[in-house]
Structure formats: structure tokens, C-alpha cells
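>>> task: produce atomic coordinates for the following.
(chains A and B)
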There are 2 protein chains.
Amino acid sequence: MALIVQKYGGTSVGSPDRIKNLARRVARFKALGHQVVVVVSAMSGETNRLIGLAREIMQEPDPRELDVMVATGEQVTIGLTAMALMELGLKAKSYTGSQVRIVTDDAHTKARIMYIDEERIRKDLNDGYVVVVAGFQGVDEKGNITTLGRGGSDTTGVALATALKADECQIYTDVDGVYTTDPRLVPEARRLKSITFEEMLELASQGSKVLQIRSVEFAGKYKVKLRVLSSFEEDGEGTLITFEDPENKDSNMEQPIISGIAFNRDEAKIMVLGVPDKPGIAYQILGPIADAKIDVDMIIQNMGADGTTDFTFTVHKNEMFKALGILNQVQAHIGAREVRGDDKIAKVSVVGVGMRSHVGIASQMFRTLAEEGINIQMISTSEIKIAVVIDEKYMELAVRVLHKAFELEEA
Amino acid sequence: MALIVQKYGGTSVGSPDRIKNLARRVARFKALGHQVVVVVSAMSGETNRLIGLAREIMQEPDPRELDVMVATGEQVTIGLTAMALMELGLKAKSYTGSQVRIVTDDAHTKARIMYIDEERIRKDLNDGYVVVVAGFQGVDEKGNITTLGRGGSDTTGVALATALKADECQIYTDVDGVYTTDPRLVPEARRLKSITFEEMLELASQGSKVLQIRSVEFAGKYKVKLRVLSSFEEDGEGTLITFEDPENKDSNMEQPIISGIAFNRDEAKIMVLGVPDKPGIAYQILGPIADAKIDVDMIIQNMGADGTTDFTFTVHKNEMFKALGILNQVQAHIGAREVRGDDKIAKVSVVGVGMRSHVGIASQMFRTLAEEGINIQMISTSEIKIAVVIDEKYMELAVRVLHKAFELEEA
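Reported below is the predicted structural model:
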């Protein structure tokens, strides 16, 4: 007998029929003797409908009141889900985030979970209930309704699995696992049976939008066994997210060298050229950017021959003009020759825990791109990832040739 | 400075524009220096939409889970209302029934309010906030979400007014007050500036569907000053519901003799004829009816000359055949000659506190109906009401001639 937390996203609860389908899956797990906690999102489209309604009243909806409204989306789904389970003869009970008590800080619309009172759920589980919990929402210590921000239902699932010491947290979504790359781009892409937490983190943050990053971080922190599955397949085994033992990095000899290729065309590149090379220059450039709450991803600095340096970084495309405006104001002060932006770029990353113990991955990547005549504009590396920025128009080609070069289509 | 509780029904919050309109009215009251608590229903149609969704999953939705779902209707409205108030520069804060804590018993879908923690609201009012509360819902002592049943938002308004010792509870609806009778039937019908609680109760239970009866009873019990107003009129004064001092029944000399004419075509008449006249017969007839949970309204028994008696009572039209079925089973046992039903009837009542101190109201009523050739089938009286059952087809005529005979069109 295991305790399993299953999280279903908006598409998986998008209609009464899909909710009935979900209930049948839960019933199969119950029939095997497992205890099941179900975390559900709002029915697809509902959150946007509620935000739209709020905007008809207030252009920038008040965060506290928006949370009050938006939290109703999951509240409807938990009631429907509990009823669907009862229709199958199961004992079921629903809880809002506030009822569980999933206690968060008071940062409305993007709250963080502080702790969970799991007592009530544990008692219900022991009494034979399937417990249905509203994802994405909580309550602050003063009793105000909060939400965790978009995608927060994943975080709710992982946090509940942590609090309940669940054997597994299953994230049901519309894909059947994590792939070596996006199958829409590379038909040969292969589902990974398992992937390490760190690789998952890189793949997710690089644009493989399977799981919300925060939930993966959370799972990693608390060593929750996390599995991504399809809610439209009956018997898929999905992709298991594993956590390496930090004491023994090479524990898994079977680990493939490269797990996948991630890509992202949401970034823009900003170049600050011909800056006098002196201490503090990075701060003078990035300080005002951080003050404006613009997130920066890659940062690269190259010394020139003439005592000046070129400073390049990437931001989200939507924020390029804002960032350029800020830099134009400080350009004279920092003595830069030129400030330039380019939003016709894409980032492509090769991700794999195995590359730590294998040399030559970077050179293989660069050679593969060179053979296709793809110019590399920026390079950034971590222990388990090599990311390059290239011209946007070569992105699909780059992903395909890298997928092939690292033989990812083979099991 | 007064403390006013304003309750707005589903039509009054039916669209973002109407909510903005509501906010403007509240702002006018705030500008006069009043403290305002706003109680809102779900947007019109929303509760039915949610119940429909539940029925797609479960034909007889589980009451606890239905409450979880249905309570979201008002939760959306409170958020929107608070935002609309903020847009006008007011400080506003919303609370669900559970957040207030409006504590009810655990009778899901028809819970009764036990007590209200009014501390939090009082503090917010003193801090200058308009407090927006979800009507129709509460929480039981175990933290389960409950609803008060249809129309329960009125009850929430009155209960909050009681707990806060408010100066007035204003019920905004789509009519501008209580009329001498339904203006759709009698164009000369006149809005009453005030009406006693007892008259209101008779008018409401007799079919003038302005206020939910439970809320009026509640207001009467706690002597809350209750006013019915139109949410579509800017400066109406509506109808004030007053409470007589029981020690001084004739305190108000100005009180008109008759306040209004109520009518109801939802009842059916059941006649049990030729029953041997012996003790216990009423119980033998009505006992099985009560056991079947059929509500009985009027009951009349007439002794015949031959030692038998005719027993007549009224039930809701929808339950006539069920009641007849039950009586057919016991007919032999009680020795009745015949059991017969008639659902082509209507009840018309003349209501007025003043009739207690004026003789001749009944005879004037009967004469008026006789002059029109309307036969009276049953008569039932209370201290402030005379009700007659007549052929359904004469209902409109009866209401019109009685309205004229008692000079109700005059101020």
C-alpha cells in the first residue's frame, strides 16, 4: 500500500467527462490498495474568464480581491471531482487550500507555501477517503485567500506529497512524459524513462514546459519522487524525476550522457559595446536593470584589445525595449560606445548529467552547428548544460541536428 | 453617522456595469458619513450554472460538495464588488461566509445561522473600509462550507445587521418596495411607505415574493429595521418594515386598516368527504400526509347533519396527486365516502394589522366577492388576515375588486 498524490491540470479536468475519466483512474489506484490524494487545477479557460471579469471592473485588479475570485476556479473543480469519485462508489471529500490549511505568505497572486497542516487529510485517508485538494491556492496567517501564481497547482501537489511523506507525486498533464526534445519539432524525439532533477530543472527552465520550475525545485529540496504522466493514456509509466545522491555523483553508470535538447525563443539579446574596462562596470550596467525588476538570464563579458569591453546579456523579449530605455539613460555615465538590442535570437541547450564525466560534448555541439553553417552568438555553460544563442531562424534546424548528433532517438 | 447593511440580489450584481452602479450607490452613503456593509448574491444565472455542472457528474449532487461549488458564485461577486468600490477611491475588503465566520449548523444546502463573529468586520468598518460579505453561505463548526438555501442572501444581510447592531438593513431588489398588491395585476397598486413585520410575513407567505420569509422572521425576532428598495432607482425610499410594540398594539393610529391583497395559485384543494365524525379523525387523515413530508396550508372541517363530517385542506399543486394516492390507501380505514382533489383553485387574502380593531372587514370582503358572483370555497382567518379559496379563473378579478373596495390605490 502506497500513498500517492496525483495532480491533474486544467486540461485534465476541462469537462465533466474528463473529470469522470480522472475518477476512474483514481478508482484503479484505490482498487490496488493505495491511498490517494488528488490535487486539481481550475477547468481550462476558467482562470482566464475570471481574470477577464475582474479587468472589466479594474484594469489592474487588486491582488487580494483577484485571489478571492480566481481561487473559485479550483473550488468548483474539487466539488465536481469529489462527486465523480462518489459516483464510482468511493468515499471522497474535498478541501480548499484554506480548509486544508495550506499556509502561505501574504504575497497575493504569487504566494509561497510556508507550511501545511496535514492532520485532517491524514485522518481522512486513514478513514478510507480519497481526499481532493484545490491546487494553486492557500491562505495566509490572517485568513486571507492567496494564490501561488500560474502553474502553482504542481507546487501544491509536491508540497502535499512532502507534508504527507507520500511515496510518489504524479503530475498528470497532456504530454506523456519528458522527451529528449519537443516532439512537434523533432518527430524522432523519445520519451525519457527517467531524468534527474537537475536535468529536469534545466530542461524546464530552458523551455520544455512540462512542469512548473518551482514545483521541481521544491521536489528536489524535499526529495519527493516525482513522475510526469499523461492523463489521456491509461497505462503510461511517464517519466520519473530522480534525485542523485550528492555524495555519489557517478552512482548511475547507466545514465545517458545527454538527456535532451531544450530551446527557447522568448529571449532577446542586449549588447553594451565599447565600455571602458574597469571594476564595477557590470554592476553599473545590471544594477539599473535589476532595480527595474527585469530578469536577466545569460550574461557574457569579453575583453577587447583596446582596453574596452563588450558586455552582453539576455532578457525576456517583452522587456527588451524597457531595458534598452534604461541603458540609454546610463550610457553616457558608463562611457559605453553603443547599446544595441536584438530580439531575433533563440537559445538552444544540450542538457545531461553525464556530460560532467565526459569531455568533448561542447566541441561536438559546436562542430555540429558549424557543419550546418549556424553561427554561435553567445555561449553559456553549467555543469550539466551547454547553451548557445543563435539566430532565431536556425533554431529548429539546430535542435534537429543536435538531437541526431547525440543519438537521442535511440533508447 | 449610521451603520447600514445593504444586500444586493443576483440581478443587481448581474453584470460588471451593474456592480459599478452598486458601488456608486455605496459611495453616496459613504459620502454622507455612514459605515456600510455590503452583502451580495451570486451574479444572476451563476448558481444555476454551477448546479447544472454538478448534475452532469451526479444526478443528486452530494450536498457537502454542492455547497463547496455553489459557494463560489458569491465569492466571485465579493471580489468584483470590492474592486468596483476601490475604483471609486474607497477602501474595501471582501469576506466569504467562512472568513467572516458566519457559523451555521451542518445542514448542507439549507443550513441555519448559529452565530456570527463580527469582530473583524467591526474593526474594518472603524478603519474606514466598506466590508463586502458573500451572502447565502457560511461555515459549520468543523470548517465545512455551507449554504443557506435559495434566497439565503437576505438572511445573511439581516443576520449581519443583527450581529453588528446596524441602524438599518436595506434589501435592494428589482422592485422598489412592497405594494398593496402585484402591480402587474392591478396597475393602481401603490407602494407602501411602511408595513408591519406581521403583514409583511403574511404578504410574503401568501405569494408577494419580495423578501425571503426566513429573513423577515429573523428581522422580526431581532427587531432589525428592514427596508426594501430598488437597485435600479437612485433615490427611492422603498418600503420600511416596522415592528409593532407587542405591549401597545394600537400604538400607530395612522396605520391603514388594510395593507394589501396577496394571492397564490400554487395550491390545490383536497376534500375528504363523509367521514364518520369521531375523535382522532383529523390525525388519521393528516398523519400520513405529514409522514410523507407534504406541507399542508389551510385546514377546514365542517360537521354535516348526518353524523359525518367533510374535511378539506390545501397542499402545493405539485403534491396533490401524491396526497390523493396516500388518502386513497387510508380511505377505507377511516370510512370516508369520497376523496377528491381540485387544483383549479386560487387563494386570495386581505392583509392588515388594522383589521384587529375594525369590525366588518370580513363582511365587506365577502360582499365584494358576492357582488361579482365569485363563490367562496374555503375561508381561513388570522388576526391580521382573511384568506379565501376561490375558483382559479376568478383570481385576477377578485384581487382587482378587493383592491378597489378597500381603497388601496389611495395614499
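
>>> any idea how far the most far-flung residue of chain A relative to its centre lies from residue A:276?
What lies farthest from the middle of chain A is residue A:306; by C-alpha atoms, centre = their mean that is 42.4 Å. Distance from residue A:306 to residue A:276, counting by C-beta to C-beta, to the nearest Å: 10 Å. The C-beta positions use only the backbone N, C-alpha and C, and glycine is treated the same way.

>>> kindly report the residues of the stretch 1-150 of chain A close to chain B.
By C-beta under 8 Å from any C-beta of the partner chain, the residues of the stretch 1-150 of chain A that approach chain B are A:16, A:19-20, A:50, A:53-54, A:56-58, A:61-62, A:64-66, A:68-69, A:71-72, A:75-76, A:78-80, A:82-84, A:86-87, A:93-94, A:96, A:98-99, A:143-145.

>>> re earlier: looking at this, the residue farthest from the centre of chain A is in a helix?
No: secondary structure assignment (DSSP: H, G, I helix; E, B strand; the rest coil) places residue A:306 in coil, not in a helix.

>>> which ones are touching it?
For residue A:306, the contact set (C-beta atoms under 8 Å, 6 or more residues apart in numbering or on different chains) is empty.

>>> got the confidence number for it?
pLDDT for residue A:306: 78.

>>> what of residue A:11?
pLDDT at residue A:11 comes out at 90.

>>> so what's residue A:142 closest to, chain neighbours aside?
The spatially closest residue to residue A:142, leaving aside those adjacent along the chain, is residue A:106, at 7.2 Å (C-beta to C-beta, 6 or more residues apart in numbering or on different chains).

>>> you'd agree the one you found is in a helix?
No: counting by three-state DSSP, one finds residue A:106 to be coil, located in no helix.

>>> hmm, residue A:143 and it touching each other?
No: look at residue A:106 against residue A:143 with C-beta atoms under 8 Å: they stay out of range, at 10.6 Å.

>>> mind showing which ranges of the stretch 101-250 of chain A have poor pLDDT?
A:150-151, A:204-210, A:244-250 (pLDDT under 70).

>>> could you check which residue of it lies nearest chain B?
Using C-beta to the nearest C-beta, residue A:143 is the residue of the stretch 101-250 of chain A that sits closest to chain B, at 5.7 Å.

>>> what helix or strand is the closest residue in space to that residue that isn't next to it in sequence located in?
Distances taken as C-beta to C-beta, 6+ apart place residue B:99 nearest to residue A:143, at 5.7 Å, with adjacent residues excluded. Using DSSP states H and E, the element containing residue B:99 is helix B:97-100.

>>> return the distance of that helix from the chain's centre.
Taking C-alpha atoms, centre = their mean, to the nearest Å, one finds helix B:97-100 lying 24 Å from the centre of the chain it belongs to.

>>> what do you get for stretch A:328-342?
33 Å.

>>> first-to-last residue distance for that stretch?
15 Å (C-alpha to C-alpha, to the nearest Å).

>>> and the contacts of that stretch?
With C-beta under 8 Å, 6+ apart as the test, stretch A:328-342 has contacts from A:268-276, A:281, A:284-285, A:288, A:308, A:320-321, A:323-324, A:327.

>>> residue A:298: neighbour count?
Residue A:298: 17 surrounding residues under other C-beta atoms under 10 Å in any protein chain shown.

>>> wait, it touches residue A:378, no?
Yes: if you go by C-beta under 8 Å, residue A:298 and residue A:378 touch, sitting 5.9 Å apart.

>>> who touches both of the two?
By C-beta under 8 Å, 6+ apart, the residues touching both residue A:298 and residue A:378 are A:312, A:314, A:389.

>>> who touches the last one in this structure?
For residue A:389, the contact set (C-beta under 8 Å, 6+ apart) comprises A:267, A:269, A:298, A:314, A:345, A:346, A:347, A:376, A:377, A:378, A:379.
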